[in-house]
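# got a predicted model here, sequence first, then my questions.
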Amino acid sequence: MLVKVYGSAVFGVDATTITVEINMERGIGYHLVGLPDNAIRESSYRIQAALKNNGYKFPGKKIIINMAPADLRKEGSAYDLTLALGILSASDQIKADDIGDYIIMGELSLDGSLQPIKGALPIAIKAKEDGFKGFILPKQNANEAAIVSGLDVYGIENITEIIEFFDQNKKLEPTKIDTRKMFYENLTHPEFDFADVKGQESIKRCMEIAAAGGHNIIMIGPPGSGKTMLAKRLPSILPPMSLHEALETTKIHSVVGRTNGQMGLMAERPFRSPHHTISNVALVGGGTYPQPGEISLSHNGVLFLDELPEFQRTVLEVMRQPLEDREVTISRAKFTVTYPSSFMLVASMNPSPSGYFNDPDAPVTSSPAEMQRYLSKISGPLLDRIDIHIEVTPVPFEKLSEKRRAESSVDIRKRVTKAREKQTERFQNYENIHYNAQMDVKQIKEFCELDQASNDLLKTAMERLNLSARAYDRILKVSRTIADIEDSVNITGQHISEAIQYRSLDRDGWLG
């Protein structure tokens, strides 16, 4: 007897429907074809034990299972439930005439209970697109899949529940979620708040500008000056995610199995902080069977690289193209996957190996040659993609001991959101540009016009401070953002002056 059941495979951040054909006839043997990996090949042992422990038997016949399309590699243990139900149906142990109306996925334990799977959200999206009636999967993933409206999602805990659903018409209640209501209810502020930061008013101002324009930022300062503390609080002042951004972000995290099963939809912007020993594959994604890397897990959020010069140079260099294109494409011999990677890069570093810069009271100092060698670990092309460079100085005791509470993230976020709304309106006719940091030369010429006085000021600053040519566009972009925060239609000399301060590493004496 031939039976067809349906599962799904995830490639990149999209799913592909897999047709599992089970043919049962006289004879002995178990043959699984269609490029399955070892985890799928081992499924027969899990299925056999799960069926036996729940009152069913693994048929002693010749079983041929084909996973189509046969030239597409399948991986993972999530096909256990798909195969088990196909075997039960093909051996007439259950009556499941409508089994082909559902996508079925789940990893079986030996007692028949189900373990969570990866990629539930993209699978649910594909199931709806292909016109399936429902999606049956482990209960732990039900909220995530139920984000997709127009598809019945059944979360189950044990294989007996789905057997009774098909065999005895026992009703299962689909998981229902009001996606919009859940999303807006969970737009909470992160645990970290700028109100906790003592002093550092100029750095907070700089972070506000970076958040408002989506600018990448690097902080240079000695140990204990608050660089990490400030970076962790940046997501708290970024504009709340839109529903589209939340779905896009949840989809990526679903692929690697890092979603919150209770919440379903991610409401907070991601903040990723990989250790400096990370490999280039772990950072940008890839592997034998490609998975998203840290830059994709940071999509619509913040990627924080602490102690930037300690990262391997090859690791930092592979970020250059994703920073520019806001996506990363990974190619293999037989397929290519593309992961989105539109993130804000926040980096921090010490100004020298000792951590102190030209401080006569410092416990350890470094020579100018040591400083130059240390700073040169960061390449010019990478710095070219960072709009804001800011020096962070230690907080004096008077500020640390102050009892007055600083401005909260909620108040700062209001100004940032207002500035972002101006940019959304400004770039509404441009498909891939949403905020100032994404402007290219054409948009800079159109939206960053200077009057004669401002132009003269910028020219003088570039000549006297020995600013590099790459600083020119960055200064104009940041000036445009400062003008947006202050609700100014035109860029003024004051905006230019402030933006010039945020190009520390372009000045003569830093990186040469």
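Structure received. Numbering: from 1, shown residues only.
# tell me which element Leu467 is part of?
Using DSSP states H and E, Leu467 sits in no helix or strand.
# what about it, distance to Leu458?
Using Cβ to Cβ, to the nearest Å, Leu467 is found at 9 Å from Leu458. For every residue, glycine as well, the C-beta is placed using N, CA and C.
# hey, what's in contact with both of these two?
Ile475, Ile500 (Cβ atoms under 8 Å, 6 or more residues apart in numbering).
# looking at those two, which is more packed in?
Set Leu467 next to Leu458 and count neighbours by other Cβ atoms under 10 Å: Leu458 wins out with 23 against 19.
# OK, contacts around the more buried one?
Contacts of Leu458 (Cβ under 8 Å, 6+ apart): Leu450, Tyr472, Ile475, Ile496, Ile500.
# just the buried residues of the helix or strand where it lies, please?
According to DSSP H and E, Leu458 maps onto helix 452-464. Of all the residues in helix 452-464, those buried under the rule 16 or more other Cβ atoms under 10 Å are Ser454, Leu457, Leu458, Ala461, Met462.
# nearest to Arg320, of the residues you listed?
Closest approach between these and Arg320, by Cβ to Cβ: Met462, at 24.3 Å.
# please enumerate residues in contact with stretch 482-501?
Taking Cβ under 8 Å, 6+ apart as the rule, stretch 482-501 contacts 208-209, 212-213, 415-416, 418-419, 422-423, 436, 448-451, 453-454, 457-458, 461, 465, 467, 474-476, 478-480.
# and that stretch, what's buried?
In stretch 482-501, counting by 16+ other Cβ under 10 Å, buried: 482-485, 491-493, 495-496, 498-501.
# lowest-confidence one in these?
Lowest pLDDT of the buried residues of stretch 482-501: Gln501, 87.
# quick check, Thr17 in a strand?
Yes. The assignment for Thr17 (DSSP: H, G, I helix; E, B strand; the rest coil) places it in a strand.
# distance of it relative to Arg26?
31 Å.
# these two: which has the busier surroundings?
Taking neighbours as other Cβ under 10 Å, Thr17 and Arg26 compare with Thr17 leading, 17 against 6.
# report the beta-bridge partners for the more buried one.
Ser8 (DSSP bridges).
# does it touch Lys126 like I think?
Yes. Counting by Cβ atoms under 8 Å, Lys126 is a contact partner of Thr17 at 6.2 Å.
# and Val328, that's in a strand?
Yes. Val328 forms part of a strand when assessed by three-state DSSP.
# quick check: of the buried residues of stretch 482-501, which lies closest to Lys171?
Asp484 (55.1 Å).
# give me the distance between that closest one and Gln443.
From Asp484 to Gln443 the distance is 14 Å (Cβ to Cβ).
# please tell me how far Ala146 sits from Thr249.
From Ala146 over to Thr249 (counting by Cβ to Cβ), the distance is 17 Å.
# then Ile18?
For Ile18 relative to Thr249 (Cβ to Cβ), the value is 26 Å.
# and the two? Which one has more around it.
Set Ile18 next to Thr249 and count neighbours by other Cβ under 10 Å: Thr249 wins out with 25 against 20.
# what separation is there between the more buried one and Asp178?
Distance from Thr249 to Asp178, by Cβ to Cβ: 19 Å.
# try Ser497
Computed as Cβ to Cβ, the Ser497 to Asp178 distance reads 49 Å.
# likewise for Asn53?
On the measure of Cβ to Cβ, Asn53 and Asp178 end up 38 Å apart.
# so for the two, which residue has more residues nearby?
Between Asn53 and Asp178, counted using other Cβ under 10 Å, the more crowded position is Asn53 (14 against 11).
# wait, the more buried one sits on Leu108?
No. Here Asn53 does not reach Leu108: they are 10.2 Å apart, not a contact under Cβ under 8 Å.
# quick one: low-confidence ranges for the stretch 101-250 of the chain?
By pLDDT under 70, the low-scoring segments of the stretch 101-250 of the chain are 179, 182-190.
# now do the stretch 401-512 of the chain
In the stretch 401-512 of the chain (pLDDT under 70), the answer is 506-512.
# ranges for the helices of it?
Counting by DSSP state H, counting those that start in this stretch, the stretch 401-512 of the chain has helices at residues 409-426, 441-447, 452-464, 470-485, 493-501.
# can I get these in JSON lines including distance to Lys170?
What follows is the helices of the stretch 401-512 of the chain, written out as JSON lines (distance: least, Cβ to Cβ, whole Å):
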{"stretch": "helix 409-426", "distance to Lys170": "49"}
{"stretch": "helix 441-447", "distance to Lys170": "60"}
{"stretch": "helix 452-464", "distance to Lys170": "74"}
{"stretch": "helix 470-485", "distance to Lys170": "59"}
{"stretch": "helix 493-501", "distance to Lys170": "66"}
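# tell me the contacts of Thr259?
Ala120, Leu121, Glu144, Thr250, His253, Met266.
# and these, which two are the farthest apart?
Ala120 and Met266 (13.3 Å).
# who's more crowded, the two?
More crowded of Ala120 and Met266, by other Cβ under 10 Å: Ala120, with 36 against 26.
# now Phe194: closest residue in space, sequence neighbours ignored.
For Phe194, ignoring the flanking residues on the chain, the nearest one in space by Cβ to Cβ, 6 or more residues apart in numbering is Ser409 at 4.7 Å.
# can you check what angle separates the helix holding Leu458 from helix 493-501?
20 degrees (axes from the mean of the first three to the mean of the last three Cα atoms, to 10 degrees).
# gap between helix 452-464 and the chain center?
39 Å (Cα atoms, centre = their mean, to the nearest Å).
# need phi/psi at Pro270.
Dihedral angles phi and psi of Pro270 (degrees, to the nearest 10) take the values phi -70, psi 150.
# right, and it touches Ser296 too?
No. Pro270 lies out of contact with Ser296 (Cβ under 8 Å); the separation is 9.8 Å.
# these two - which one has more neighbours?
A direct count of neighbours by other Cβ under 10 Å for Pro270 and Ser296 places Ser296 higher, at 30 against 21.
# show the contacting residues for the more buried one.
Taking Cβ under 8 Å, 6+ apart as the test, what Ser296 contacts is Ile252, Val284, Gly285, Val328, Tyr339, Pro340, Ser341.
# and whichever strand or helix holds it, average pLDDT?
Here Ser296 sits within helix 294-297, counting by DSSP H and E. What helix 294-297 shows for mean pLDDT is 95.
# send me it as CSV with only the CA atoms.
What follows is helix 294-297, C-alpha atoms only, in CSV (Å, rounded to 0.1, in the frame of the first residue of the first chain):
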residue,chain,number,x,y,z
GLU,A,294,25.5,36.3,14.7
ILE,A,295,25.1,39.0,12.1
SER,A,296,21.8,37.5,11.0
LEU,A,297,20.6,36.8,14.5
